[in-house]
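*Asks:* Fold the following and give me the result.
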Amino acid sequence: MATQPDVSQILSGPGVIYIAPLGTALPTLTFPLVFAPAWFQVGYTDAGVDVIYTPTIKEIYVDEEAAVVGDILEKEKFVIQAHLAEVTLTNLNASIAASTYTTATPQVTFGSQALQYVMVAVVGPAPDTYNNRVILCQKAITTVAVSMKITRKDKQVLPVSWDARKIAGQVLGSITDIGTGYENS
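*Replies:* Residues are numbered from 1 along each chain as shown. Below is the predicted model of the structure:
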């Protein structure tokens with residue numbers, strides 16, 4: 001275990017977002033990190049990537065005690081959010097839950113269509129001497145309004161939020177550090 005304070009535990013740097021169709025093979029989660037060809041990078045982001053896990057805990061009280069005696073996990077939410085700086089049709093399709101992308105036209109059609117679920121991974125810096133931190137969501141759906149502000153004064157960005165969905169027998173998400181590991185332990 002590292003002695004505190006330890007500058008190698010301070011993380012900074014961008015995260016790269018990967019998207020894949022539901023059911024695509026998972027990345028290797030070993031070094032070197034390898035993604036199956038169906039995974040694609042969404043490109044540049046604006047203001048980073050937010051990864052948020054929110055549990056809803058119900059506190060259990062009994063008449064004989066004034067303090068909480070137990071807890072129940074009522075709900076949990078895992079979200080990956082970003083503002084995509086590359087407003088491509090592929091990214092638009094990945095940002096709209098009920099959409100279809102056709103390469104022949106090229107065109108994204110949306111509304112009154114089947115919901116599409118995706119897999120989402122964020123690869124960023126890791127502490128110590130690890131090479132990468134991989135945050136993985138095996139099933140997600142977009143849940144925010146998709147808006148594009150078209151103006152000459154600034155670039156367009158595409159807000160997106162992928163909300164995790166449970167797959168039976170699987171965890172909601174994972175955070176894995178991959179690489180050589182901490183050499184001084």
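
*Asks:* Return the distance of P37 relative to I17.
*Replies:* Note on P37: its distance to I17, by C-beta to C-beta, to the nearest Å, is 17 Å. To be clear about C-beta, it is placed using only N, CA and C from the backbone, and glycine gets the same treatment.

*Asks:* thinking V157 is in contact with Y44, fair?
*Replies:* No - V157 is beyond contact range of Y44, at 9.6 Å (criterion: C-beta atoms under 8 Å).

*Asks:* Q113: what secondary structure?
*Replies:* When classified by DSSP: H, G, I helix; E, B strand; the rest coil, Q113 comes out as coil.

*Asks:* repeat for the one 3 residues further on
*Replies:* Following three-state DSSP, we place Q116 in the coil state.

*Asks:* do L92 as well
*Replies:* Following three-state DSSP, we place L92 in the helix state.

*Asks:* what's the spacing between it and A145?
*Replies:* Taken as C-beta to C-beta, the span from L92 to A145 is 13 Å.

*Asks:* Give me the distance between the two termini of stretch 5-24.
*Replies:* Terminal residues of stretch 5-24 are spaced 40 Å apart (C-alpha to C-alpha, to the nearest Å).

*Asks:* List the buried residues in it.
*Replies:* G15, V16, I17, Y18, I19, A20, T24 (16 or more other C-beta atoms under 10 Å).

*Asks:* hey, what's the residue most central in space within the chain bridged with?
*Replies:* In the chain, the centroid-proximal residue (C-alpha atoms, centre = their mean) is I80; its distance is 3.6 Å. As for beta bridges, I80 partners with V51, W162 under DSSP bridges.

*Asks:* before we move on, what about the one 4 residues further on?
*Replies:* In this structure, L84 has beta-bridge partners T45, L158, where bridges are defined by DSSP bridges.

*Asks:* Can you give me every residue that contacts P55?
*Replies:* Residues near P55 by C-beta atoms under 8 Å, 6 or more residues apart in numbering: L73, K75, E76.

*Asks:* Which of those fall in strands?
*Replies:* Using DSSP state E, L73, K75, E76 are the members of the contacts of P55 that sit in strands.

*Asks:* The residue nearest to the centre of the chain contacts T142, doesn't it?
*Replies:* No - taking C-beta under 8 Å as the definition, I80 is not a contact partner of T142, at 10.1 Å.

*Asks:* Mutual contacts of those two, please.
*Replies:* S161, W162.

*Asks:* Flag the least confident of the buried residues of stretch 5-24.
*Replies:* Ranked by pLDDT, the buried residues of stretch 5-24 bottom out at G15 (91).

*Asks:* my guess is it meets G124, correct?
*Replies:* Yes - with contacts counted by C-beta under 8 Å, G15 reaches G124, the gap being 3.7 Å.
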